[in-house]
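In: The following comprises the amino acid sequence and a computationally predicted model.
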Amino acid sequence: MSSVAVPAPRRRREAPLALGISTAYLSVIVLIPLAALTLRSLEGGVSAFWDAVTDPQAVAALKLTFAISLVVVLINAVAGTVIAWVLVRDSFRGKSLVNALIDLPFALPTIVAGLTLLALYGPKSPIGVNVAYTTAALVLALLFVTLPFVVRTVQPVLLELDRDMEEAAQSLGATSFQTFRRVIFPNLFPAILSGTALGFARALGEFGSVVLISGNQPFKTEVASVYIFGQIESDNVTGAAAVSVVLLVASLGVLLAIGGVRRWATRHDQ
């Protein structure tokens with residue numbers, strides 16, 4: 001019996017033009033500006049860079065920024081997942097309005113968000129709650145601007161989740177909690193991680209929503225972005241660039257780490 005040769009699958013041709021355009025665009029928009037920022041931070045040498053990032057006021061601002069950002073993303077990891085669950089699994093009056101409100105922080109200028117929070121939770125609060133110029137005000141502002149990241153990453157996964165697996169688990173005697181822990185949560189976990197990482201990176205560099213309500217008190221409520229702005233106003237651009245590079249490296253490190261965890265968590269799906 002003669003065998004019929006099966007032709008090898010043809011490899012997809014690369015699109016050098018599209019690749020070149022994409023690389024050029026990313027270089028102009030992202031890579032070159034970041035490289036310029038890094039070079040500016042090293043204008044005075046490594047010792048000047050180190051002095052800038054270890055300045056007591058800079059260290060205090062960075063510590064506060066990282067601590068507040070961590071608290072915010074942990075809260076939003078839970079709250080955002082719950083909100084996404086309600087939007088997907090529950091039906092109620094005004095659902096479309098709530099769904100639209102989730103994206104409001106994306107569309108609203110952050111300085112407007114800061115002004116709104118100051119009017120609501122400031123010295124002239126109509127509800128009698130004054131947390132302006134405190135760390136609680138920073139948490140509220142960052143919760144507002146980072147909430148959509150978790151909701152919008154978890155929501156599509158919930159929409160595509162196979163409900164038959166849940167019904168099968170329940171038919172085998174699993175409780176609602178066991179079904180969520182063993183069936184639903186493993187599928188949501190990578191999306192929660194992605195939303196958390198994006199929210200953390202956003203919180204690290206947030207400026208508009210915190211500049212008014214924080215009071216910008218050094219060693220108390222001054223976050224890194226406001227400190228950088230102050231250094232620029234003081235004509236210390238190199239010092240501002242040095243602290244900016246720290247935030248840049250931290251954000252990139254978090255995104256890469258979460259990406260690695262996501263790949264590990266979904267390794268069985270590949």
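Out: Done, it's in. Numbering: from 1, shown residues only.
In: spatially speaking, which residue is in the middle of this protein?
Out: residue 199 (1.7 Å; CA atoms, centre = their mean).
In: so which helix or strand takes in that one?
Out: Using DSSP states H and E, residue 199 sits in helix 185-205.
In: Show me what that helix is packed against.
Out: The contact analysis (3 or more CB pairs under 8 Å, 6 or more residues apart in numbering; DSSP states H and E) places helix 185-205 against helix 56-89, helix 135-160, helix 224-233, helix 237-265. (C-beta placed from N, C-alpha, C; glycine too.)
In: Please identify the deepest-packed of these.
Out: helix 135-160 (a mean of 21; mean count of other CB atoms under 10 Å).
In: And that helix, how far out from the chain middle?
Out: Chain-centre distance of helix 135-160: 8 Å, with CA atoms, centre = their mean, to the nearest Å.
In: related to what we said a few turns ago, what residues does the helix holding residue 199 touch?
Out: Residues from elsewhere that reach helix 185-205 (CB atoms under 8 Å, 6 or more residues apart in numbering): 65-66, 68-70, 72-73, 76-77, 80-81, 142, 145-147, 149-154, 156-158, 161, 224-225, 247, 250-251, 254-255, 257-259, 261-262, 265-266.
In: how about it: buried residues?
Out: 187-205 (16 or more other CB atoms under 10 Å).
In: Please point out which parts of the helix or strand bottoming out on mean pLDDT in the chain sit buried.
Out: The least trusted helix or strand in the chain, going by mean pLDDT, DSSP states H and E, turns out to be helix 163-171, with a mean of 76. Counting neighbours by 16+ other CB under 10 Å, one finds that the buried residues in helix 163-171 are 166, 169.
In: So which elements touch it?
Out: helix 176-179.
In: which helices and strands does the helix it packs on pack with?
Out: Applying 3+ CB pairs under 8 Å, 6+ apart, we find helix 176-179 packed against helix 163-171.
In: give me the low-pLDDT residue ranges for this structure?
Out: Low-confidence segments of the chain (pLDDT under 70): 1-15, 262, 265-270.
In: how about a cut-off of 80?
Out: Across the chain, the ranges flagged by pLDDT under 80 are 1-16, 162-177, 258-270.
In: Surely residue 42 is in contact with residue 49?
Out: Yes. Checked against CB atoms under 8 Å, the pair residue 42 and residue 49 is within contact range at 5.6 Å.
In: so what sits against both of the two?
Out: Common neighbours of residue 42 and residue 49 (CB under 8 Å, 6+ apart) do not exist.
In: Neighbour count for these two, which is higher?
Out: residue 49 (21 against 14; other CB atoms under 10 Å).
In: Spit out the contact partners of that one.
Out: 41, 42, 242, 245.
In: Could you check how far the second one is from residue 102?
Out: Right, the one you point to is residue 42. Distance check for residue 42 against residue 102: by CB to CB, to the nearest Å, it reads 41 Å.
In: Repeat that for the third one.
Out: Applying CB to CB, the value for residue 242 to residue 102 is 36 Å.
In: The first one too?
Out: Residue 41 is 36 Å from residue 102, where distance means CB to CB.
In: more crowded one of these two?
Out: Using other CB under 10 Å as the criterion, residue 41 and residue 102 rank with residue 41 on top: 23 against 17.
In: ok, the more buried one - contacts?
Out: 49, 52, 238, 241, 242, 244, 245.
In: let's see it at 6 Å
Out: Residues in contact with residue 41 (CB atoms under 6 Å, 6 or more residues apart in numbering) are 49, 241, 242, 245.
In: which other residues reach stretch 149-158?
Out: 76-77, 80-81, 83-84, 88, 102, 188, 191-192, 194-195, 198-199.
In: if you set the cut-off to 8 Å instead, what comes out?
Out: So stretch 149-158 is contacted by 76-77, 79-81, 83-85, 87-89, 102-103, 187-188, 190-192, 194-196, 198-199, 202 (CB under 8 Å, 6+ apart).
In: And for stretch 160-178?
Out: In contact with stretch 160-178 (CB under 8 Å, 6+ apart) are residues 179, 182, 183, 184, 187.
In: Any quick PyMOL command for the buried ones out of these?
Out: For the buried members of the contacts of stretch 160-178, the matching PyMOL selection, counting by 16+ other CB under 10 Å, is:
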select buried, resi 179+183+184+187
